[in-house]
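Colleague: could you work out the structure for the sequence below:
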Amino acid sequence: RQDLHIDLGSDQTSLHNPWAGGYYPVGLSFEESNELMAKDPEKFKEKVQESLRRQTEAINRHTKKGTYFFDYGNAFLLEASRAGAKIFKDEQGNFVTAEKAKDKENFAYPSYVQDIMGPMCFDYGFGPFRWVCASGKQEDLDKTDAIATEVLQRLKENSPEEIQQQMQDNIKWIQGARENKLVVGSQARILYADALGRIEIAKAFNDAIAKGKIGTVVLGRDHHDVSGTDSPYRETSNIYDGSRFTADMAIQNVIGDSFRGATWVSIHNGGGVGWGEVINGGFGMVLEGNKESERRLRSMLYWDVNNGIARRSWARNDGAVFAIKRAMETEPQLKVTLPNMVDESLLKTL
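Modeller: As a prediction, the model looks like this:
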């Protein structure tokens, strides 16, 4: 159909693995693609890049007519640029290839972390907190859902205006979690929460374990979080001070978690963006229903989140500056250097 207006568009193809089945080129069937991939990988690569250029051209035409397009972060923009697609803009706003772009670090389109997840969630410390009921029992998972709901409802009453929407969204999410089968892997429940939310929920789990209401709970999180990942094309794409191309935060995160009480930690590469494009740090923490578990969860979860908020505040992200100030108010021992803001009008006079 011609003249069809598209309001919203994105891409989530697995272009972190473009030459081995992550992206199938137009014009070839699934079977033909697999055969070409195996028998003539260079030809298959040419077909993928040809298709990427075609796809980018179609996206550009739609956005000129008002479509809002964003990249999920699975390396679509990156691989399109390597394929010679017009995925950048020049100073006049025209779509150009990387060769003709003056700014080669910023694509014509944002990742969804830049425009959505970063400003709304990560900068405020909200990210995918995760837990598994080691018993494997549905009733234990139901009880943890109820505990998390009660904690979030209580915290929402005194939450600042800046995060009221996030709190309400997460309450609605956890209330509908069982009905919508919102579990992954080993029946892991994921719930977006900030540092205070994670600590209070984990403490409530630990207390319930101590009283024999539920079995052992293992805490974790997705790598797609506030501070566990250095990924310039996704998780840290909304850090604009130049440091998004460094890989220090994930390492600091893992080291800090390790001696603040994590049961285990991991550092790994890849994670949905591509080998060599991202460093991820993760942890697991076993709650045993005792005072030692409470001590560890308070120390480690606080660091695990605020490490990333500090980094984002140094990039002068408004939400992160707000969040780290709030963190220092609630914990006087936390000392984080705040960025010195520059009056833009003064710069214009130079």
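
Colleague: now the helices for the stretch 51-200 of the chain?
Modeller: For the stretch 51-200 of the chain, the helices defined by DSSP state H, counting those that start in this stretch cover 76-82, 112, 118-120, 138-157, 164-175, 195-210.

Colleague: can you put these in TSV and add mean neighbour count and distance to residue 98?
Modeller: Using the backbone N, CA and C atoms, a C-beta is placed for each residue, glycine as well. Converted to TSV, these look like this (neighbours: other Cβ atoms under 10 Å; distance: least, Cβ to Cβ, whole Å):
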stretch	mean neighbour count	distance to residue 98
helix 76-82	23	5
helix 112	18	22
helix 118-120	19	24
helix 138-157	17	45
helix 164-175	17	36
helix 195-210	22	39
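
Colleague: let's have those in JSON lines, adding distance to residue 265 and mean pLDDT.
Modeller: Formatted as JSON lines, those follow (distance: least, Cβ to Cβ, whole Å; pLDDT from 0 to 100):
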{"stretch": "helix 76-82", "distance to residue 265": "28", "mean pLDDT": "91"}
{"stretch": "helix 112", "distance to residue 265": "27", "mean pLDDT": "85"}
{"stretch": "helix 118-120", "distance to residue 265": "24", "mean pLDDT": "92"}
{"stretch": "helix 138-157", "distance to residue 265": "23", "mean pLDDT": "96"}
{"stretch": "helix 164-175", "distance to residue 265": "26", "mean pLDDT": "95"}
{"stretch": "helix 195-210", "distance to residue 265": "16", "mean pLDDT": "97"}
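
Colleague: any regions of the stretch 251-350 of the chain where pLDDT drops low?
Modeller: Scanning the stretch 251-350 of the chain for pLDDT under 70 picks out 271-272.

Colleague: can we see that at 90?
Modeller: 267-281, 330-333, 340-350 (pLDDT under 90).

Colleague: which residue ranges form the helices in it?
Modeller: Ranges of helices in the stretch 251-350 of the chain, per DSSP H, counting those that start in this stretch, are 291-314, 318-330, 344-348.

Colleague: which of the ones you listed has the highest mean neighbour count?
Modeller: Ranked by average neighbour count under the criterion mean count of other Cβ atoms under 10 Å, the helices of the stretch 251-350 of the chain are headed by helix 291-314 at a mean of 22.

Colleague: other SSEs contacting the longest strand anywhere in the chain?
Modeller: As assigned by DSSP state E, the longest strand anywhere in the chain is strand 279-287. Packing partners of strand 279-287 (3 or more Cβ pairs under 8 Å, 6 or more residues apart in numbering; DSSP states H and E): helix 195-210, strand 217-221, strand 229-230, helix 249-260, strand 264-269, helix 291-314.
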